[in-house]
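Trainee: just need the structure, nothing else, for what follows:
(2 chains)
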Amino acid sequence: MHAALRWWPIAPLITLLVAPYSALPVPGLLDGPLGSPGSLQLIALCLLYGALATGYDLLLGRTGLLSFGHALYFATGLYGTDLGMLELRLPFAAAAAFGVACTALLALLLGSVSLRVTGIGFSMVTLAFAQAGAILVQRNPGGVTGGEEGRSAPAELLPSGLLGIENTANLYWIAVGYLVLTVAAVHWAVHSPAGRVWEGIKENERRVEVLGLRPYGYKLVAFVLSGALAGVGGVVYLLLTGGATPQAAGSDATLALLVMVVLGGTGTRWGPLLGGVLYTWAGHRLGDLANSNAVADLPAVLRVPLSQPLFLLGALFVAVVYLLPGGLAGLPARIRAARSARSVRTPTGVPAARPTGGTPA
Amino acid sequence: MDTVVLLSCTGLGLGALYFLVASGLSLIFGLMDVLNFAHGALLSIGAYATWWAGTEAGFSFWLAVPFGTLVGTAAAVMLELFLIRPLYSRPRDQILATVGVGLAVPALLMGIWGADARPFPQPALLAGTWHVLGATVPVNRFVLLAAAALLLLTLRLFLARTRYGLIVRAGVEDRAMVTALGIDVRRAFTLVFAIGGAAAALGGALGGLYFGSVNPGQGTSLLIFAFVVVVMGGMGSVTGAAAASAGVGLVQQFANYYTGTGLGDLSVVVLLAVLLLVRPRGLTGRLA
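Mentor: Below is the predicted model:
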């Protein structure tokens, strides 16, 4: 491969960075022109979820840990930062650091407990912890979390450049920055010595133990790193949406991350990002579709399923699991394999000759 | 004293509900290594089928419950045949497929009958209360307990005394060996799914009595506590699941009453964490 080609991700990155200056209309994909605040907000959300999925894949695709509690760390970053400003009256930067520190600490604590069980037990325990967090947020202890409504971020403590609809581009760039941070961190971690061990753990944990390494510590590092990245995502989400809501903590949020990663392709560099962007975009567009007149006029048999985005996404997920085992990222390789299988067959018109068993040597 | 009795009965009733869900989950997991995320959806299907039969179709309650259970069983069998079976060689994808179903079914129910809770028909016979040791306890707690006890007894008899029970027990122990002995273990898979689906759907129908209403998210929220029960009981063990269900239900009710709502649910998770720290393999010490 040509050396310069290795730097191809720079080109889409530059495109992303200059997108706010563009007034290009993208009919079908986005409602307004590319640089309009509404479009930028949607793209920023897509990139945020793409980055979150990439961080989650550090557990699922790189270490083979099926965690069902990732939303907890996202929500901790989100609520930690928000409450740091609201309750502790910290300035935004300090509150963000506080939120991410809380997230890393929580991931360390809960990770060290839940990694004591392996396999599916680990999935169930992480799910239980995340559910406990979701219940805690919902029940609104001491009026701190705001219960069902959540709490909006205090405008007076946020930097003025991050407020108001005319500054959407700044938030968008922050989302791009978070994406770059996550992709770089995951790339670096996977290629570090610990990353090699993660790969070994994913393939065969027993053999890693036989080599004299303790998988527990390595898994904990992956868990904390992935959790901390999700916590940073929570901070970005707080800026983007202007508040913390309990939906971020629910088990549906973790399942959504899982769907994104599987849709894009686990254990690949760009798959989870692609899956996260597509899922978020589809979720928004399907929501619009569900409320549109075209759907309202359909007979009930078609209208009911089409008006439920979660139904469509769940069905899509099952279809991807069935028909596309490697996710979208595995698609080019599958097509190539199918094509080369065909091209081997076509020139001769007969299947490739194989040595038959009967011929004596 | 009467508060303690009431809390105990309610806690055990809730535990019975957990057991109806967790017993199937535990068997399915033990035999097939599939963590069935669609189990909550099966419960919701059972609950809505019972509700539909009892109100819109005008069945009596005593016909509606078997109808709901039957629908749930059929859904479970279809899930196994059409979704799980083609993925036998890909264990993780089996789990992911059930996650998709677990997302899609409640959404579909919500699309058809709305997001709001629907009041559940209460037959006159079960709507009253009983006086136990000075406490006034709603009868439906005892209905749930009776159903759970009956299920536990039936499952134990089935596992210990029948040929298929033997195959299931052997399959939980070592699936490859059972296959190597020339026994088609896949039929046992479908059977276990049918049993689990029936128990979950019955749980949905009786849960409607317990909560007084049905809503699309009920199954999913119960499922999470059922997971806790399965982990605590030792995965694949029905008796362990029964003990853990009772414990979880009691802890939840007492903590909710004495410390304020919400803490009961949290204390269950704390209990799980403590148990895992002390005994990583669950109550019965089975290998996870």
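Trainee: lowest-confidence helix or strand of the chain?
Mentor: Reading this off chain A. Every helix and strand in chain A was compared by mean pLDDT, DSSP states H and E; the lowest is helix A:293-296, with a mean of 70.
Trainee: my bad, chain B
Mentor: The helix or strand of chain B with the poorest confidence is helix B:124-127; it has a mean of 72 (mean pLDDT, DSSP H and E).
Trainee: and the residue of the stretch 251-361 of chain A closest to chain B?
Mentor: Nearest residue of the stretch 251-361 of chain A to chain B (C-beta to the nearest C-beta) works out as residue A:314 at 3.0 Å. Quick note: C-beta positions are derived from backbone N, CA and C, even for glycine.
Trainee: helix or strand: which one has that residue?
Mentor: Assigned by DSSP states H and E, residue A:314 belongs to helix A:309-323.
Trainee: how about that helix: buried residues?
Mentor: Neighbour counts over helix A:309-323 (16 or more other C-beta atoms under 10 Å in any protein chain shown) mark A:309-318, A:320-322 as buried.
Trainee: next: stretch B:125-139.
Mentor: B:135, B:137-139.
Trainee: can you list which of those are found in strands?
Mentor: Judged by DSSP state E, the buried residues of stretch B:125-139 include B:135, B:137-138 as members of strands.
Trainee: would you mind writing the CA trace of the least confident helix or strand of chain B as CSV?
Mentor: The C-alpha trace of helix B:124-127 is given here as CSV (Å, rounded to 0.1, in the frame of the first residue of the first chain):
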residue,chain,number,x,y,z
ALA,B,124,-64.1,-11.2,42.4
LEU,B,125,-62.6,-14.4,44.0
LEU,B,126,-59.1,-13.0,43.9
ALA,B,127,-59.8,-9.4,44.6
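Trainee: which residue is the nearest non-sequential neighbour of the residue of the stretch 101-250 of chain B found nearest chain A?
Mentor: Nearest residue of the stretch 101-250 of chain B to chain A (C-beta to the nearest C-beta) works out as residue B:104 at 3.0 Å. Among residues not flanking residue B:104 along the chain, residue A:314 sits closest, at 3.0 Å (C-beta to C-beta, 6 or more residues apart in numbering or on different chains).
Trainee: do residue A:130 as well
Mentor: residue A:69 (3.3 Å).
Trainee: the one you found contacts residue A:126, doesn't it?
Mentor: Yes. Contact criterion C-beta atoms under 8 Å: residue A:69 and residue A:126 qualify, at 3.4 Å.
Trainee: common neighbours of those two, please.
Mentor: Common contacts of residue A:69 and residue A:126, defined by C-beta atoms under 8 Å, 6 or more residues apart in numbering or on different chains, comprise A:110, A:114.
Trainee: let me know the average pLDDT across the biggest helix by length in chain B.
Mentor: When chain B is parsed with DSSP state H, its longest helix is helix B:2-32. Per-region confidence: helix B:2-32 scores 87 on mean pLDDT.
Trainee: the helix or strand following that helix packs against which elements?
Mentor: Following helix B:2-32 in sequence order, the next helix or strand is helix B:39-54 (DSSP H and E). Applying 3 or more C-beta pairs under 8 Å, 6 or more residues apart in numbering or on different chains; DSSP states H and E, we find helix B:39-54 packed against helix B:2-32, helix B:61-79, helix B:91-113, helix B:185-211, strand B:213-214, helix B:218-233.
Trainee: let me know the average pLDDT across helix B:39-54.
Mentor: Mean pLDDT, computed over helix B:39-54, is 90.
Trainee: which non-adjacent residue is nearest residue B:6?
Mentor: Closest residue to residue B:6 apart from its sequence neighbours, by C-beta to C-beta, 6+ apart: residue B:135 at 4.4 Å.
Trainee: the one you found bridge partners, please.
Mentor: Note on residue B:135: beta-bridge partners residue B:132, judged by DSSP bridges.
Trainee: so who does it touch?
Mentor: B:1-3, B:5-6, B:9.
Trainee: angles on the backbone of residue B:118, please.
Mentor: phi -100, psi 130 (degrees, to the nearest 10).
Trainee: from chain B, how far out is residue A:52?
Mentor: Per C-beta to the nearest C-beta, to the nearest Å, residue A:52 is found 17 Å from chain B.
Trainee: residue A:6 now?
Mentor: 32 Å.
Trainee: distance between the helix or strand containing residue A:178 and the chain's centre?
Mentor: Following DSSP H and E, one finds residue A:178 within helix A:168-190. The chain centre lies 12 Å from the centre of helix A:168-190; the measure is C-alpha atoms, centre = their mean, to the nearest Å.
Trainee: still on that earlier bit, please work out which of the helices and strands packed on helix B:39-54 is packed deepest.
Mentor: Per-stretch averages of neighbours, counted by mean count of other C-beta atoms under 10 Å in any protein chain shown, single out helix B:218-233 among the helices and strands packed on helix B:39-54, with a mean of 27.
Trainee: that one: what's the following helix or strand?
Mentor: Next helix or strand after helix B:218-233 toward the C-terminus (DSSP H and E): helix B:238-259.
Trainee: what packs against the helix or strand that comes right after that next one?
Mentor: Toward the C-terminus, helix B:238-259 is succeeded by helix B:263-278 as the next helix or strand (DSSP H and E). In terms of contacts (3+ C-beta pairs under 8 Å, 6+ apart), helix B:263-278 is packed against helix A:92-114, helix A:120-139, helix B:218-233, helix B:238-259.
Trainee: contacts for helix B:263-278 next, please.
Mentor: Here helix B:263-278 has contacts from A:113-114, A:116-117, A:125, A:128-129, A:131-132, A:135-136, B:225, B:228, B:231-232, B:247-248, B:251-257, B:259, B:282-283, using C-beta under 8 Å, 6+ apart.
Trainee: just the buried subset of those residues, please.
Mentor: Applying 16+ other C-beta under 10 Å to those flags A:113-114, A:116-117, A:125, A:128-129, A:131-132, A:135-136, B:225, B:228, B:231-232, B:247-248, B:251-257, B:282-283 as buried.
Trainee: shouldn't residue B:154 be within a helix?
Mentor: Yes. The assignment for residue B:154 by DSSP: H, G, I helix; E, B strand; the rest coil puts it in a helix.
Trainee: let me know the pLDDT of it.
Mentor: Per the predicted model, pLDDT is 91 at residue B:154.
Trainee: quick one, what contacts it?
Mentor: So residue B:154 contacts nothing (C-beta under 8 Å, 6+ apart).
Trainee: residue A:168 now?
Mentor: By C-beta under 8 Å, 6+ apart, residue A:168 lies in contact with A:20, A:37, A:40-41, A:44.
Trainee: which non-adjacent residue is nearest it?
Mentor: residue A:37 (4.0 Å).
Trainee: helix or strand for the residue minimising distance to the centre of chain A, which one?
Mentor: In chain A, the centroid-proximal residue (C-alpha atoms, centre = their mean) is residue A:53; its distance is 1.5 Å. Using DSSP H and E, residue A:53 maps to helix A:37-57.
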